[in-house]
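# Turn this into a model:
(one chain, ligands or ions: 1)
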Amino acid sequence: MTEKRLPDNFLWGGATAANQFEGAWDADGKGLSLIDLVPYGPDRGPVTRGELRMLDCDADHSYPSHEAVDHYHHFKEDIALFAEMGFKCYRLSISWTRIFPNGDEETPNEAGLAFYDELFDECRKHGIEPLVTLCHFDLPICLVKKFGGWKDRQMIDCFAKYCRTVFTRYKDKVKYWITFNEINMLHHMPFSACGLLVDEGENPDQAKYLCAHHELLASAQAVKLAHEIIPGSMVGCMLAGGSFYPFTCAPEDVWKAKQTERSNYFFIDIQSRGAYPNYALRQLERDGIQIDWQEGDRELLASGTVDFISFSYYCSRCMSADPEVLKKRIAANAFKTVRNPHLQASEWGWQIDPLGLRITMNDLYDRYQKPLFIVENGLGAKDVIEADGSIQDDYRIDYLREHIRAMIDAVTEDGIPLMGYTSWGPIDLVSASTGEMSKRYGFIYVDKDDQGAGTLARRKKKSFDWYKKVIASNGADLD
Ligand code: BGP
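As a prediction, this is how the structure comes out:
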C-alpha cells in the first residue's frame, strides 16, 4: 500500500475494438468492413499496409474478425465480468457497418443501432461509463471501392452522417467519444487506417496526406456535431503513443528522433490546436505535397478542436540518424524501432518501458495542455492453463503494476490531469497486428486458439482479482 492514490472519479476500465471483439461480422444486416478482409497469416501485414489488395473474402484465407470472441452474443456476460472487477469505464468502438452497412445509405440499420442501445444500457445498469471510438480500423468496404477510402472528400459527409446518427441516438447514454483510433497509424498501416490503396503511378505520400486532410476535417466536424447534439460531451483524438528516444546523445540522433516524433504528432497537433503546424507545412512543401485546401477548411479545423488527448502506450521507441543502426530495427507495434539496450522485450519483441509511459504523458501534456486519457496499455503474452484450471499470469500483473505506478507518479508528482486508464483487451481478443488469439492481453481468458477452435468460454485469470483490488483502492494497492 502507498499513500499515492487517484481521485474517486478516475475512470478505471478496459478497452476493446468491435472488429477484434464482437464477431458476428454479417449478423442483423451488418455490412462488410475493410477489416473483415484482413486475414490471419503471412498476408495480414501486406494487406494492412495496402501492399496486397484484398477487396473480397476468398477461400484460401481465414478472417479473424468474422467470429473474434463473439462478444456480440456474450456482451451481457462480458459486461457483468467488467462490473465484477469494478470498472468505471468501458472503451469500445462502434462498427460503422452495423449502422450503415454500405456507408452511403440514406437511413441507418435499426438492428445495428438496437445492439449498441442494449450494450450501453447494460453498461449503465452496472454504473459503467462508455467511452466510444467512432472508427477503429473499421470502415465500410463499399466506401473503399466507391471512393478509394479517405482519398475522396465525400467521405467527410458519409462520416458526418454516421456521427450525427449515433450522437442523436445515444445522446443520453454516451458522454465520452473518440474520433479515430491511432490516427497516426496512417503512416504505418494505411489500408487498415483509412482504406488507402495507392494506384499505379500515384505518389504514395500525396495520397496519404490527402487522406489525412479529409480525416482531420471529418474529425473536426465530428467534434462540432457532438458538442451541438450532446451538450457536455467530451471528444478526444487518439494517438498510437510512445515517445521516441535518441539512440545516442549525438545531436543528429536527437534531431532524427524529434522529426520522427513530430511526424506522428502531426495529426493530433491539428486535432488539438486546430491548424497545420509550421514544421509540417514546410516539410510538405519541400516534398512537393499539395494539401487540398477548400473554402472553409481552415475554419472547420480551428472550430473543431478536441477536448482531451487519448493515446495507447505499449512501449517507447528509439531512433538513430545512422543508416547502419537503422538497418537493425525491430518491430514495435506497426512501427519500427532501434533496439534499446536498456530494455527487456515481450515475446513479440515490444520493449517494456514503464518509465516511458510517464515520459510520454509529460511530453503530451507539455505539448497540448489538455487532459489526457490512457485508452490502451497492456502486455500481449501466451497464457498456460494449469492442471487445476488456474492461469497464473504474474508477468501480466508485473507489467501492469509498473505501468500503473508510473502513471500515478505522472499524476501525483508531475501534476498531469488524467481522466482515466483503460487497459487493452480486458477479455482476450484478436491481435490487431498478427490476427492471433494466442497473443493475449486479458484478465479473462477466452477458450479459442489461433486456428479458430475452442468453446469461447470465459475464465478468470490471476490478474482478474489483482486489477479488481487496484481499482477498489484507486491505485493505492498495487501489490
Ligand atoms: C493498437 C490497436 C489495438 C490493439 C493494440 C495491441 O495498435 O489500437 O487495436 O490491438 O494495438 O496490438 P496487438 O493486438 O497487435 O498486440
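
# The spatially most central residue of the chain and S93, how far apart?
For the chain, the residue nearest the mean C-alpha position is N181 (4.1 Å; CA atoms, centre = their mean). As judged by CB to CB, to the nearest Å, N181 and S93 stand 7 Å apart. Backbone N, C-alpha and C define where each C-beta goes, glycine included.

# Repeat that for P42.
Using CB to CB, which is the criterion applied here, P42 is 26 Å from S93.

# out of these two, which sits in the busier spot?
S93 (23 against 8; other CB atoms under 10 Å).

# From what I see, that one and C135 are in contact.
Yes - assessed by CB atoms under 8 Å, S93 is found in contact with C135 at 7.2 Å.

# what residues are shared contacts of these two?
Common neighbours of S93 and C135, counting by CB atoms under 8 Å, 6 or more residues apart in numbering, are N181.

# Overlap of the contact sets of N181 and S93?
Joint contacts of N181 and S93 (CB under 8 Å, 6+ apart) are 17, 133, 135-136.

# Under the pLDDT cut-off, which ranges of this protein? List them.
1-2 (pLDDT under 70).

# Show me the strands in it, by range?
Counting by DSSP state E, the chain has strands at residues 11-15, 89-93, 129-135, 176-180, 234-240, 244-246, 308-312, 317-319, 330-332, 335-337, 372-376, 418-424, 444-446, 458-460.

# Output the ones you listed in JSON lines; the columns should cover distance to the ligand.
Shown next, in JSON lines, are those (distance: least, CB to the nearest ligand atom, whole Å):
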{"stretch": "strand 11-15", "distance to the ligand": "8"}
{"stretch": "strand 89-93", "distance to the ligand": "9"}
{"stretch": "strand 129-135", "distance to the ligand": "9"}
{"stretch": "strand 176-180", "distance to the ligand": "11"}
{"stretch": "strand 234-240", "distance to the ligand": "5"}
{"stretch": "strand 244-246", "distance to the ligand": "16"}
{"stretch": "strand 308-312", "distance to the ligand": "5"}
{"stretch": "strand 317-319", "distance to the ligand": "13"}
{"stretch": "strand 330-332", "distance to the ligand": "10"}
{"stretch": "strand 335-337", "distance to the ligand": "10"}
{"stretch": "strand 372-376", "distance to the ligand": "6"}
{"stretch": "strand 418-424", "distance to the ligand": "5"}
{"stretch": "strand 444-446", "distance to the ligand": "14"}
{"stretch": "strand 458-460", "distance to the ligand": "19"}
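
# can you redo these as TSV with distance to K208?
Shown next, in TSV, are these (distance: least, CB to CB, whole Å):
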stretch	distance to K208
strand 11-15	26
strand 89-93	23
strand 129-135	17
strand 176-180	14
strand 234-240	15
strand 244-246	20
strand 308-312	21
strand 317-319	20
strand 330-332	21
strand 335-337	16
strand 372-376	23
strand 418-424	26
strand 444-446	35
strand 458-460	40
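
# Identify the bridge partners of L131.
Beta-bridge pairing of L131 under DSSP bridges involves R91, Y176.

# Just list the residues touching it, thanks.
Counted by CB under 8 Å, 6+ apart, L131 has contacts 11, 13, 15, 89-92, 176-178, 373, 375, 420, 422.

# Just flag the most distant two among those residues.
G13 and W177 (15.2 Å; CB to CB).

# and the stretch 351-479 of the chain, which residues reach the ligand?
376, 380, 424, 431-434, 439 (CB under 6 Å from any ligand atom).

# Pick out the most distant pair among those.
Farthest pair in those, by CB to CB: E376 and T434, 16.1 Å.

# what about those two, which has more around it?
E376 (25 against 17).
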